[in-house]
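Trainee: sequence first, then the predicted structure, then my questions.
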Amino acid sequence: MNKVSIEIKKIITICFLFSYNDVNAQSFTLNGTIVGKDTGIAVLNYVNANNKRCSDTATINQAKFQFSGSVKSVDYALLDIDPYYLGGANSNNRQLFIEPGIIYIVCKYGEIGNAEIKGSNTQTKSDFFA
């Protein structure tokens with residue numbers, strides 16, 4: 001082999017390795033509706049497609065919010081629909097599974113534990129066995 005073909009193979013291999021992480025990354029969208037809370041901020045904590053902890057915020061407007069991101073597969077996330085709550089036990093946060101695709105969550109303010117979640121097969125299975 002000549003030096004040029006060896007260098008080309010090295011470059012191709014390096015490009016493949018750098019692009020491999022993006023191949024596994026898939027997008028998700030979490031659409032939410034909170035009955036009884038028209039405005040505010042929601043926070044979603046999860047591990048993104050680059051294996052980094054991510055804390056994303058979304059504005060609650062007319063009781064609706066939306067998060068978008070990318071994950072490699074299913075991730076266990078924490079959603080907080082009232083991060084500035086200073087009272088006792090906070091009934092406005094919930095752990096849930098996020099995965100590639102579109103996920104919907106609907107709940108009453110103060111009752112996120114009883115939220116209806118659709119679009120996450122893993123969450124549906126988890127709720128079934130809970």
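Mentor: Thanks, I have the structure now.

Trainee: the protein: helices as residue ranges?
Mentor: Chain-ordered helices for the chain, with DSSP state H as the definition, fall at 3-24, 121-129.

Trainee: comparing these, which yields the minimum mean pLDDT?
Mentor: Among these, helix 3-24 carries the lowest mean pLDDT, at a mean of 47.

Trainee: can you name the residues bridging to the residue most central in space within the chain?
Mentor: With distances taken as Cα atoms, centre = their mean, the residue of the chain nearest its centroid is residue 98 (5.0 Å). Taking DSSP bridges, one obtains residue 75 as the residues bridged to residue 98.

Trainee: what's the answer for residue 53, then?
Mentor: Here residue 53 sits in beta bridges with residue 47, going by DSSP bridges.

Trainee: what do you get for residue 108?
Mentor: residue 35.

Trainee: so what's it up against?
Mentor: Neighbouring residues of residue 108 by Cβ atoms under 8 Å, 6 or more residues apart in numbering: 34, 35, 36, 114. Placement of C-beta: from N, CA and C, glycine included.

Trainee: closest one of those residues to residue 72?
Mentor: When the contacts of residue 108 are ranked by distance to residue 72 (Cβ to Cβ), residue 34 comes first, at 28.5 Å.

Trainee: okay, now that closest one: neighbour count?
Mentor: Other residues lying near residue 34 total 24 when counted by other Cβ atoms under 10 Å.

Trainee: now residue 54: closest residue in space that isn't a chain neighbour?
Mentor: With Cβ to Cβ, 6 or more residues apart in numbering as the measure, residue 48 is the residue that lies nearest to residue 54, at 4.5 Å, once sequence neighbours are left out.
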